[in-house]
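Trainee: sequence below, structure please.
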Amino acid sequence: FIMAALAFLAIILPLAQYASAGIPQACLPPHDKYDFCNPKLSLDQRLKDLIGRLTLEEKPLLLVGRESPLGNISRLGIPEYDWGGNCIHGVQSRCAPDGRCPTSFPDPNNLGASFNRTIWKGMGSVIGKELRALWLENVGENHESNLPHIGLDCWSPNVGIQRDPRWGRNLETPSEDPYLCGEFGAAVSLGLQNGSDPNYLQAVTTLKHFDANSLEGPWYPNGTFGGPLNRHTVDVNISKYDLFSSYLPAFQASVEKGGAAGVMCSYNSINGVPSCANDYLLHDILRTQWGFYGYVSSDSGAVVDILKNHKYTSNWTQTVAEAISAGCDVESAPWPPNHAYGTGGPYIEYLPQAVQEGLISEDVIDAALYNAVGLRFRLGLFDPSENQSYWHVPPETVQHPDHVAMAIDSTAQGFVLLKNDNDVLPFDASKKTVVLGPHTNDRTAILGNYLGQMCPDAYGSTDCITSLYEGIAKEVAASKGESSNFTGCPVKGMKSDSDFATAVAMAKGADSVIMMMGLDGTIEREGQDRPNITMPEVQVQLIQAVAAVNKNVAVVMMHGGVVGIDTFVESVPAIVSLGYPGKHAADALAKTLFGTTDRAWGKTPVTWYHDNVTEEFDMLSFDMSKAPGRTYRYYQNEPLFKFGHGLRYSTSKIEFKDAVSASADLGNITVAITNTGSRSAADVLMMFVMPAKGTIPSNFTASKIVRQLADFERVGPLASMKSMDVSFTLEKSSFQFYDEDGLPAVFAGDYIIEITNGVEATLTKTVTLTN
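Mentor: Sure thing, here's the model as predicted:
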């Protein structure tokens, strides 16, 4: 790509001019007289005018991501634009010049457990506002170079389902359930894209990874760990039934309900066709069936994978022709080694040649420009800035106290209390508390992945992060209690007899013990799956040793995919799942464990399997219903904890508010929920639809579905013995399943409507669908 880089550099403005000019704007004198600069013309007219002024060689420069500060067309006054900053749970940028760092929320596997659309939409809104503020301050992505300059499209949210607990990126997505993932994607999109000015997009979501990207590697073709197959090479075999019933719904809801304006095609192939060259996915389904209005970007290097790893094409011109023709508008190209930003890529190098060879017409490139550059217009980047509120977002927006408070609140709502025998929790902070385990003093793994700069003192610093122990110690000190801590063991590796002895001795003398256990990025991460779901043996040994000398033990686990805990689940009275809880975990966790907040606790958005489940699951199988079935929708065996399970420091009672029609009339079902415990507490109610046996004929794969989430609502907090009404929407889609061709199907017959908090409160009603 060297020749392309040199050509690219010849077109751009000098970097010194860019740096001194602040945020580069389009349509400034002497380039303000073009028709594409006239806001009185229609968007269609303006886009066609701009595209018509570009040469064939210039056009690809506007279709390649991560090139900032490159990527401008100086002769037309078109500034650079960076396609692709990540915003999984906060803006992934450097801190602002005044030291304000982007607000960081917990990772999505924690957020999903909150079952709270308001939190999800609120996080999207925070990200959108802060992204605008940081963009105006010339802030770059979270790299040491402070480049590329952050753009206004976020490569998030990740709405792919958690197909297998071994997947290395389970922390990035909210659930195993396609409906919940779709509600998350829609809520984040609505909050992020829609702000104070209805005439423009605040920012752009880019849903990822489209589609069925839930394998990192390394795997052998027979499903054993350690082989050559990975996310860049795997070709997944998916039936139309599974594609439309499990892998597409979250994307569809995010597009149709949330208005998501961006989609990222994935590295993998599906049924022999790379996702970024798959016109069935990118054109027939996304644009034609769903009416998608926006741009499609490749994942970074995915266009290269079409040729190099999937061998789908035979040369570069054919590769770029296949990708752009299929609907991949923007290429995220690989970066040169040890370089701060991209300087070229196959689109820049070979798209003009593909036209010249007759592989594509120039109109195909123009269509991609229409989609991609059209978003820059919809963001207001080609209109006068004086009267646009998004051009005047104050620096104080970043890390605003209200944003931080929301992040702390959302963190606590995403904790899941899996077990609490004899109500051992909440602990008494006025007594002696010992904190043990490898994550006791951690300031890094707790954050998860895809991070903006956390601390303003230095790039990569986590000095400002409060450790989990420091949060506990602060809460204990406020109650005049006593606390101490010791790691006791590493995340993985060999035990130290002396360290174990110290930990056990400390536990013996404590009133309560909190054990900070779990996984980190050395075990699961982007690019690396787990071979199994077992807890590292050294941690199991420490838990068992401590449980033998103290009966008031709470095991607190950090993880992406679920962890197999059969080896100690009966040994300890309390077990807490955090997901990867993020920057504000310490404050939220301390208040939760000692019971000083009533806003905590969610429900598990995934099934907690037994340790041996990976002997039943083939990592390379994307068949959801193959015995014993994947996720709660199909799993036939008894899990350790079911989807939707989650305790609180209270109990609830629910009852139907009105009679429920036996004829399955569409509309609202209202229930009254009462907090029957002595403490103020929040809860989550979920509505499931379960086809009765025989309703779906056995020759349909959908007959294997056990139950399906149709709606949910987070409730409260409610004071003791207080009640409130909660309404659920029963609509056609609540009874929608799919046939073997992936077509929506509604089957006449009996259905069981279940409304539950996943633990002690459940209502059921059988209704009959006659039409």
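
Trainee: which residues of the stretch 51-200 of the chain fall in helices?
Mentor: Taking DSSP state H, counting those that start in this stretch, the helices of the stretch 51-200 of the chain run over residues 108-113, 117-136, 178-193.

Trainee: just checking, what packs against the shortest one?
Mentor: Read it as helix 108-113. helix 117-136, helix 178-193, helix 401-413, strand 574-579 (3 or more CB pairs under 8 Å, 6 or more residues apart in numbering; DSSP states H and E). (C-beta placed from N, C-alpha, C; glycine too.)

Trainee: name the residues of the third one that are buried.
Mentor: Right, helix 401-413. Within helix 401-413, the residues that count as buried by 16 or more other CB atoms under 10 Å are 403-404, 406-413.

Trainee: ok, the shortest one next?
Mentor: Going by neighbour count (16+ other CB under 10 Å), the buried part of strand 574-579 is 574-579.

Trainee: what is the nearest of the buried residues of helix 401-413 to residue 290?
Mentor: Nearest to residue 290 among the buried residues of helix 401-413 is residue 410, at 28.9 Å by CB to CB.

Trainee: list the contacts of the closest residue to that closest one other than its chain neighbours.
Mentor: Leaving aside its chain neighbours, residue 410 sits nearest to residue 119 (4.5 Å; criterion: CB to CB, 6 or more residues apart in numbering). Contacts for residue 119 (CB atoms under 8 Å, 6 or more residues apart in numbering) come out as 111, 406, 409-410, 413.

Trainee: quick check: the gap between residue 718 and residue 625.
Mentor: 39 Å (CB to CB, to the nearest Å).

Trainee: before we move on, what about residue 234?
Mentor: According to CB to CB, residue 234 stands 20 Å off from residue 625.

Trainee: neighbour count: these two, which is higher?
Mentor: Of the pair residue 234 and residue 625, residue 234 is the one with more neighbours under other CB atoms under 10 Å, namely 24 against 21.

Trainee: so what's the more buried one up against?
Mentor: 215, 217, 219, 268-269, 620.

Trainee: backbone torsions only: list them for residue 362.
Mentor: Backbone torsions for residue 362, taken as degrees, to the nearest 10, come to phi -60, psi -20.

Trainee: surely residue 724 is in contact with residue 672?
Mentor: Yes: between residue 724 and residue 672 there is a contact under CB atoms under 8 Å: 7.3 Å.

Trainee: okay, the buried residues of strand 574-579 in JSON lines with distance to residue 64 and pLDDT next?
Mentor: Putting these into JSON lines (distance: CB to CB, whole Å; pLDDT from 0 to 100) gives the following:
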{"residue": "574", "distance to residue 64": "52", "pLDDT": "98"}
{"residue": "575", "distance to residue 64": "48", "pLDDT": "98"}
{"residue": "576", "distance to residue 64": "45", "pLDDT": "98"}
{"residue": "577", "distance to residue 64": "41", "pLDDT": "98"}
{"residue": "578", "distance to residue 64": "39", "pLDDT": "98"}
{"residue": "579", "distance to residue 64": "35", "pLDDT": "98"}
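
Trainee: out of these, who's nearest residue 277?
Mentor: Closest to residue 277 out of the buried residues of strand 574-579 is residue 579 (34.4 Å), distances taken as CB to CB.

Trainee: skip the chain neighbours and tell me the closest residue to that closest one.
Mentor: Leaving aside its sequence neighbours, residue 579 sits nearest to residue 110 (CB to CB, 6+ apart; 3.3 Å).

Trainee: do I have it right that that neighbour meets residue 584?
Mentor: No: in this structure residue 110 lies outside contact range of residue 584 using CB under 8 Å: 10.9 Å.

Trainee: the more surrounded of those two?
Mentor: Ranked by neighbour count (other CB under 10 Å), residue 110 and residue 584 place residue 110 first, with 31 against 25.

Trainee: contacting residues around that one?
Mentor: By CB under 8 Å, 6+ apart, residue 110 lies in contact with 410-411, 414-415, 578-582.

Trainee: what is the nearest of the residues you listed to residue 746?
Mentor: Closest to residue 746 out of these is residue 414 (33.9 Å), distances taken as CB to CB.

Trainee: quick one: pLDDT of that closest one?
Mentor: Here the pLDDT value assigned to residue 414 is 98.

Trainee: pLDDT below threshold where in the protein?
Mentor: 1-22, 659-666 (pLDDT under 70).

Trainee: repeat the analysis, applying 80 as the threshold.
Mentor: Residue ranges of the chain with pLDDT under 80: 1-22, 68-69, 334-335, 338-340, 342-343, 658-667, 771.

Trainee: distance check, residue 98 against residue 149.
Mentor: Between residue 98 and residue 149 the computed distance is 18 Å (CB to CB).

Trainee: who has more neighbours out of those two?
Mentor: A direct count of neighbours by other CB under 10 Å for residue 98 and residue 149 places residue 149 higher, at 25 against 11.

Trainee: the nearest residue to that one once chain neighbours are set aside - how many residues pack around it?
Mentor: Nearest in space to residue 149, with sequence neighbours left out and distances taken as CB to CB, 6+ apart, is residue 68 at 4.3 Å. Using other CB under 10 Å, residue 68 has 26 neighbouring residues.

Trainee: can you pull out the strands in the stretch 501-650 of the chain?
Mentor: Using DSSP state E, counting those that start in this stretch, the strands of the stretch 501-650 of the chain run over residues 512-518, 553-558, 574-579.

Trainee: how about the ones you listed, which one is nearest residue 299?
Mentor: For the strands of the stretch 501-650 of the chain, proximity to residue 299 was assessed by CB to CB; strand 574-579 is nearest, at 23.6 Å.

Trainee: pull out the buried residues from stretch 522-530.
Mentor: Buried, per 16+ other CB under 10 Å, within stretch 522-530: 523-525, 528-530.

Trainee: take the residues you listed and keep only those in helices.
Mentor: Nothing among the buried residues of stretch 522-530 maps onto helices, per DSSP state H.

Trainee: now render these as CSV, adding distance to residue 346.
Mentor: CSV is the format used below for the buried residues of stretch 522-530 (distance: CB to CB, whole Å):
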residue, distance to residue 346
523, 34
524, 31
525, 27
528, 27
529, 28
530, 33
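
Trainee: out of those, who's nearest residue 588?
Mentor: Comparing the buried residues of stretch 522-530 against residue 588 with CB to CB places residue 524 closest, at 22.4 Å.

Trainee: which residues in the stretch 301-450 of the chain form strands?
Mentor: For the stretch 301-450 of the chain, the strands defined by DSSP E, counting those that start in this stretch cover 331-332, 416-420, 432-436.

Trainee: buried deepest among those strands, which one?
Mentor: Counting by mean count of other CB atoms under 10 Å, strand 331-332 has the highest mean neighbour count of the strands of the stretch 301-450 of the chain, with a mean of 28.

Trainee: give me the contacts around it.
Mentor: 63-66, 83-84, 297-303, 320, 323, 345-347.
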